[in-house]
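> pasting the sequence and the predicted model now:
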2 protein chains.
Amino acid sequence: MAAVKGNLVVGQSGGPTAVINNSLVGVIHEALESPQIEGIYGMVHGIQGLMNEEMIDLRRESAETLEILRDTPASALGTVRYRVKDQDYERLLDVFIKYNVRYFMYIGGNDSMDTTNKIAQLAASRNYEMYAIGVPKTVDNDLAETDHCPGFGSAARFVATAIRDTGVDTLAMGDSSPIKFMEIMGRNAGWLVGSTALAKETPDDPPHLIYMPEHGISVDQIVSDVDEVYRRLGYCVMAISEGAKDDQGEDLGSGKGDVDAFGHVLKGGVVEFVDGLIKDHLKLRTRYDKPGYLQRSFASLQSPVDREEAYQVGRRAVRAATEGKTGMMVTIQRAPGEIYQSEYGLAPLSKVANYEHLVPAEYINAQGNGVTEAFIRYARPLIGGPLMRYARLTKYPLK
Amino acid sequence: MAAVKGNLVVGQSGGPTAVINNSLVGVIHEALESPQIEGIYGMVHGIQGLMNEEMIDLRRESAETLEILRDTPASALGTVRYRVKDQDYERLLDVFIKYNVRYFMYIGGNDSMDTTNKIAQLAASRNYEMYAIGVPKTVDNDLAETDHCPGFGSAARFVATAIRDTGVDTLAMGDSSPIKFMEIMGRNAGWLVGSTALAKETPDDPPHLIYMPEHGISVDQIVSDVDEVYRRLGYCVMAISEGAKDDQGEDLGSGKGDVDAFGHVLKGGVVEFVDGLIKDHLKLRTRYDKPGYLQRSFASLQSPVDREEAYQVGRRAVRAATEGKTGMMVTIQRAPGEIYQSEYGLAPLSKVANYEHLVPAEYINAQGNGVTEAFIRYARPLIGGPLMRYARLTKYPLK
């Protein structure tokens, strides 16, 4: 048990998610119940705000605000993309001492875990008693030591819904517009693009093709994959990662000045590249969607499982700190058994910082254009229940 | 009252919507109750399927299927983009006679209303007793003679939600990514892009700028508009129509090979054009979303008002036909009074066919970069209730 009494500071860092405020509220709720914690301070725009002493008093926010914040996407404190420099840490220590900060909670991804780790080490090396705990967050789902990351389940629910909806739209269009692409977030990790497979009820449902950054794919295979699906089903819906690679490991459509067969420069970005490629080679009408930042902010489709876990990791972080833990990140594991239940643990930040947990080979099919059943079993529970029920006409022939 | 007994055929045409199947189910439900209607046939992929005698028996679909279809986006019968040629009408008449089709219901937009009108005229000129009624449908909301079009309210609810969500995300990012663009459907009509304004709770909420096809805007104004908003608020969220025009009436970013100050060819499409423009002139980090076909297919955000109206226009079409009306489209009007209620009527197809109802000048602000209060009063009831409630921290300063 941490004996020291003092103030807690909490910040949000990196790309927001649809449930990241649940982690903030979890931190606040737990802190409110802790006798060791006096002030509950929020960093405005993360570590950069902290260095500038831009902090707010979270104790004064109303219970109602906190409750509605759980429905509200994006980082309510403001977030930051700033890689902390070595010389910044001294400044941070000054701020901690000046404000008697004894509990440091940082909600973020790999970089933020690195920052939290260094802060924990610095405090220890200076004999300043402070407990620094990382709260995992990322739609990319690429943090090590945890089964999955808060934010991912809701983003997965959104992209599965989105690919299904654009898929039924494409099916309805018939031959007037039979090919649809959707570009999905995840520069290095294919967890999110893989989750579009949760839209499938039968093997021939969209998405028919899924390309992840982890498995490079030749331009020729992309063309022949689309051709095969289109010939067999009459349409084709593809989910492609923004970080998809070719078979040489190069980014697809990386603005290398790729030209089509007519010498036209193809537009930048993965989905524009694939769109041009298929138009050019298969002479079919193609369309694409690029839902972009909706993937991480679409609160209407929060996964209930994700929402609750995001809240709990916030609570557990404060609990760990007040129990005297530091330099750790809260982790989520699956409880044994058929029915999905989460358990919480702690992992050393040194094992998490700057490491990317990519999709393992056994979750990607042999052709590199879809996911395995093992992936589906992994991802399914995280989106928090089935998608909306849709109907199809049986299409009885006329007598 | 139409005396003739016979079969009804119903089809779906043009771009699908999130509620178009409600119109189909409305047609089927009303037809099931009508003593004059024998067979209830569905055209597979619209008028093209009809010419090929590709029809299905809708009487045999289960009540449960029909109920779940009301939640299901996109055209369950399959849709078509095919402009009927003069010589096709003779073929259609043959099919009507062969199948004893006496009731023709076509769910679609401007082109489909033209087709329905010509079919009604042809039948009359040949003394073939048939009742042809158009059922309005379009997310573009550009049909004449009706206050609004089924499909629009749900698309409007989606885009308002989407701009709000990407807006809070952008605000959270602070200066690490302060400018966000979203491209919205509507090649000629700005109804949908204008509806993003329904996301605003206060005047400074996103979207800060809205550009419609109806009001051309100079490239210089776009730059100075973004600059002004960014300087004032620290971020800027823009909703721009895919059909936005410059002050010469030319499509913005129409692939004319526009080049930036460095001679780089700017990417095609409106949002890519604006993205390049602002990056180049204001040297700010910009991002964009292109939700594409999700705008018309995102059934999770059906507007309850839109859903019910889509259903009712289907029912009213069959009722009108069995009452002996032909060559008409069902219309929606607002009942007088403070509380929104819809009334249904009929308008001659000749007044609807091929006419585009654009956003009138009094709905667009003087600068051409936003909507007026009159637009908001028009559009607000159609999205079927307020968006989700979001919270903001009060941000009390530390004592």
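Thanks, I have the structure now. Residues are numbered from 1 along each chain as shown, chains lettered A, B, ... in the order given.
> rest of the way, CA atoms for contacts and neighbours
OK.
> show me the strands in the stretch 51-200 of chain A, by range?
A:55-57, A:101-108, A:131-136, A:179-184 (DSSP state E, counting those that start in this stretch).
> let me know which of these is the nearest to chain B.
strand A:55-57 (4.8 Å; C-alpha to the nearest C-alpha).
> in the stretch 251-399 of chain A, which spans are strands?
A:286-289, A:328-334, A:342-348.
> ok, so what distance separates residue A:36 from residue A:2?
8 Å (C-alpha to C-alpha, to the nearest Å).
> pick the most deeply packed of the strands of the stretch 251-399 of chain A.
strand A:328-334 (a mean of 23; mean count of other C-alpha atoms under 10 Å in any protein chain shown).
> off-centre distance for the biggest helix by length in chain A?
Assignment by DSSP state H gives helix A:152-173 as the longest helix of chain A. The gap between where helix A:152-173 is centred and where its chain is centred comes out at 17 Å by C-alpha atoms, centre = their mean, to the nearest Å.
> now that helix against strand A:179-184, angle please.
Following axes from the mean of the first three to the mean of the last three C-alpha atoms, to 10 degrees, one obtains 170 degrees for the angle between helix A:152-173 and strand A:179-184.
> what's near enough to touch the closest residue to residue A:350 other than its chain neighbours?
Nearest residue to residue A:350 in three dimensions, chain neighbours excluded: residue A:117, at 6.6 Å (C-alpha to C-alpha, 6 or more residues apart in numbering or on different chains). Residue A:117 is in contact with A:132, A:327-328, A:349-350, A:353, counting by C-alpha atoms under 8 Å, 6 or more residues apart in numbering or on different chains.
> do you know how far residue A:325 is from residue A:345?
12 Å.
> neighbour-wise, which of the contacts of residue A:117 leads?
residue A:132 (30 neighbours; other C-alpha atoms under 10 Å in any protein chain shown).
> quick check: closest non-adjacent residue to the residue nearest in space to the middle of chain A.
Geometric centre of chain A, nearest residue: residue A:139, 0.5 Å, by C-alpha atoms, centre = their mean. Nearest non-adjacent residue to residue A:139, counting by C-alpha to C-alpha, 6+ apart: residue A:152, 4.0 Å away.
> what sits against the one you found?
A:138-141, A:192, A:306, A:382.
> equivalent analysis for residue A:8, please.
A:31, A:37-41, A:101-105.
> ok, and the most crowded of the residues you listed?
residue A:103 (28 neighbours).
> pLDDT score for the residue lying closest to residue A:168 once chain neighbours are set aside?
Nearest residue to residue A:168, sequence neighbours excluded (C-alpha to C-alpha, 6+ apart): residue B:74, at 6.0 Å. Looking at residue B:74, its pLDDT is 97.
> do I have it right that residue B:74 meets residue A:167?
No - using C-alpha atoms under 8 Å, residue B:74 is not in contact with residue A:167, being 9.2 Å away.
> just to revisit the earlier point, how about the contacts of residue A:152 in TSV, adding pLDDT?
Listed next are the contacts of residue A:152 as TSV, based on pLDDT from 0 to 100:
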residue	pLDDT
A:138	98
A:139	98
A:140	97
A:141	98
A:192	98
A:306	98
A:382	98
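> how many residues are close by the residue of the stretch 101-250 of chain A found nearest chain B?
When distances are taken as C-alpha to the nearest C-alpha, the stretch 101-250 of chain A reaches nearest to chain B at residue A:172, 4.2 Å away. Counted with other C-alpha under 10 Å, residues neighbouring residue A:172 total 28.
> now do the contacts for the residue nearest to it when sequence neighbours are not counted.
In this structure, residue A:172 finds its nearest non-sequential neighbour in residue B:78, 4.2 Å apart by C-alpha to C-alpha, 6+ apart. Residues counted as contacts of residue B:78 (C-alpha under 8 Å, 6+ apart) are A:171-174, B:12-13, B:44-46.
> residue A:59 too?
If you count contacts by C-alpha under 8 Å, 6+ apart, then residue A:59 has A:28, A:32, A:39-41 around it.
> low-confidence stretches in the stretch 251-399 of chain A?
A:254-268 (pLDDT under 70).
> what ranges do the helices span in it?
Under the criterion DSSP state H, counting those that start in this stretch, helices of the stretch 251-399 of chain A are mapped to A:270-282, A:294-297, A:304-322, A:373-379.
> tell me which parts of the stretch 201-350 of chain A are close to chain B?
A:267-268, A:288-294, A:297-300 (C-alpha under 8 Å from any C-alpha of the partner chain).
> before we move on, back to that, give me the common contacts of residue A:36 and residue A:2.
residue A:322.
> compare those two (neighbour count), which wins?
Per other C-alpha under 10 Å, whichever of residue A:36 and residue A:2 has more neighbours is residue A:36, with 19 against 15.
> re earlier: out of the contacts of residue B:78, who's nearest residue B:229?
residue A:173 (39.9 Å; C-alpha to C-alpha).
> run a quick neighbour tally on the nearest residue to residue A:307 once chain neighbours are set aside.
Excluding the flanking residues, the one nearest residue A:307 by C-alpha to C-alpha, 6+ apart is residue A:19, at 5.5 Å. Using other C-alpha under 10 Å, the number of residues around residue A:19 comes to 37.
> just to revisit the earlier point, how near is the residue of the stretch 101-250 of chain A closest to chain B to residue A:43?
Distance from residue A:172 to residue A:43, by C-alpha to C-alpha: 49 Å.
> same question, residue A:25
For residue A:25, the distance to residue A:43 - C-alpha to C-alpha - is 14 Å.
> could you do residue A:309 as well?
Applying C-alpha to C-alpha to residue A:309 and residue A:43 gives a distance of 22 Å.
> give me the buried positions along stretch A:245-253.
For stretch A:245-253, a neighbour-count test (16 or more other C-alpha atoms under 10 Å in any protein chain shown) marks A:245-246, A:251-253 as buried.
> got a list of what residue A:11 touches?
Per C-alpha under 8 Å, 6+ apart, neighbours of residue A:11: A:42-47, A:77, A:79, A:105-107.
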